[in-house]
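Chemist: Provide a 3D model corresponding to the input given below.
(one chain, ligands or ions: 1)
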Amino acid sequence: MDKNTTNAASAGTISLGGELSVHRLGFGAMRLTGDGVWGPPKNRKAALAVLRRAVELGINFIDTADSYGPHVNEELIAEALFPFPAGLVIATKGGWNRPGPGQWTHDATPAHLRQAVEGSLKRLRVDRIDVYQLHIPDPVVSFEASIETLAQLREAGKIRLVALSNVTQEHIERARKIVPIVSIQNRYSFADREWDYIVDYCEGSGMAFIPWFPLGAGKVAGDVLNAVSQAHGASPIQVALAWLLQRSPAMLPIPGTSSIEHLEQNVAAASLGLTQEEYERLAGVPQLVGSR
Ligand SMILES: NC(=O)c1ccc[n+]([C@@H]2O[C@H](COP(=O)([O-])OP(=O)(O)OC[C@H]3O[C@@H](n4cnc5c(N)ncnc54)[C@H](OP(=O)(O)O)[C@@H]3O)[C@@H](O)[C@H]2O)c1
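Modeler: Here you go, the predicted model:
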């Protein structure tokens with residue numbers, strides 16, 4: 001793999017709701033914050049450089065959330081890349097707040113989601129958010145009420161496409177009765193396939209599946225992965241990413257990194273083709289269930 005000629009376009013493209021088309025290897029920006037997804041990144045200049053390099057390498061799908069930092073991550077994306085190049089799609093999320101380092105609290109009430117969308121519009125410096133994901137269903141708020149709010153914000157032109165994260169098939173079916181859903185973002189990697197059935201469901205329903213922790217938070221490992229990676233002169237992480245891309249045409253991985261070197265390695269994995277035999281050997285490896 002030549003890192004100088006590598007480009008996210010090698011992963012092919014995927015349509016989001018028949019409206020937007022992106023390369024099938026994106027970037028998850030969450031790591032570009034302080035420890036515990038709290039506050040600014042230690043090295044702001046380096047974080048801005050990672051975002052700019054991602055776009056240079058053909059990445060045109062960036063995942064973020066209002067809660068990363070909080071707010072810091074969306075502001076950083078705008079600082080690095082605004083005015084956004086044509087074709088760059090930014091997917092943000094709301095409904096899952098970050099009150100302190102390592103802490104999460106739900107709020108997917110209609111009032112909060114309305115406020116959250118206004119905040120993301122300002123921080124991203126746009127009139128309309130490309131893709132807005134409900135970060136996670138709120139157990140004390142009617143799921144339909146959260147989705148109806150996003151549908152109304154879409155009607156009002158503040159959101160272009162609606163998406164979900166951390167959901168079951170039942171949630172997806174309930175949401176799709178209210179508004180078209182373009183993608184599902186659940187935890188998934190080579191080593192953690194709990195949501196396999198949702199990957200298949202997305203593939204069969206024309207939605208993208210966006211795995212979070214696609215590298216198992218950088219910890220994917222194992223003998224088969226090592227053997228296949230040696231055969232390709234690649235790293236185990238690159239093979240884990242290539243496996244994900246081969247798993248389904250609906251798959252849109254968003255590996256996160258704060259390092260340009262790792263970013264380049266991850267993009268290079270888009271051109272790493274596994275044989276069917278290698279793919280199946282890797283698919284047969286017993287899974288570990290990861291944790292947030
Ligand atoms: N919807 C949700 O609830 C949810 C939850 C979590 C995450 N997310 C999204 O999913 C994205 C991806 O998840 P993630 O970033 O947490 O985990 P990940 O992509 O599975 O792994 C990122 C980790 O792997 C390391 N890494 C990346 N590339 C590497 C390489 N080539 N070699 C060695 N190490 C490498 C990174 O460290 P370095 O910085 O040192 O490279 C980082 O620690 C996030 O950025 C976020 O946008 C969503």
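Chemist: ok, now which ones touch the residue of the chain most remote from its centre?
Modeler: Of all residues in the chain, Ala231 has its C-alpha farthest from the mean position, at 28.8 Å, by Cα atoms, centre = their mean. By Cβ atoms under 8 Å, 6 or more residues apart in numbering, the contact list for Ala231 reads Glu278. (C-beta placed from N, C-alpha, C; glycine too.)
Chemist: what residues does the stretch 51-200 of the chain put near the ligand?
Modeler: Contact residues (Cβ under 6 Å from any ligand atom) of the stretch 51-200 of the chain with the ligand: 63, 165-166, 185.
Chemist: For those residues, work out which two are farthest apart.
Modeler: Maximum pairwise distance among those (Cβ to Cβ): 13.4 Å, between Asp63 and Asn166.
Chemist: Give the residues shared as contacts by the two.
Modeler: Contact criterion Cβ under 8 Å, 6+ apart; residues shared by Asp63 and Asn166: Gln185.
Chemist: who has more neighbours, the two?
Modeler: Between Asp63 and Asn166, counted using other Cβ atoms under 10 Å, Asp63 has the larger neighbour count: 27 against 20.
Chemist: And the pLDDT at that one?
Modeler: Note for Asp63: predicted pLDDT of 98.
Chemist: Pairing partners for it in the sheet, please.
Modeler: With DSSP bridges applied, Asp63 shows beta-bridge pairing to Gly28, Ala91.
Chemist: is it true that it touches Phe27?
Modeler: Yes: under the criterion of Cβ atoms under 8 Å, Asp63 makes contact with Phe27 at 7.1 Å.
Chemist: Overlap of the contact sets of those two?
Modeler: Contact criterion Cβ under 8 Å, 6+ apart; residues shared by Asp63 and Phe27: Ile254.
Chemist: just checking, Leu272 touches Ala240?
Modeler: No: taking contact to mean Cβ under 8 Å, the distance of 10.4 Å between Leu272 and Ala240 leaves them out of contact.
Chemist: Between the two, which has more neighbouring residues?
Modeler: Here Leu272 and Ala240 are compared on neighbour count by other Cβ under 10 Å; more neighbours surround Ala240, at 26 against 21.
Chemist: Quick check: which element contains that one?
Modeler: For Ala240, the enclosing helix or strand under DSSP states H and E is helix 236-247.
Chemist: any low-confidence regions in the chain?
Modeler: Applying pLDDT under 70 to the predicted model, the residue ranges of the chain that meet it are 1-5, 288-292.
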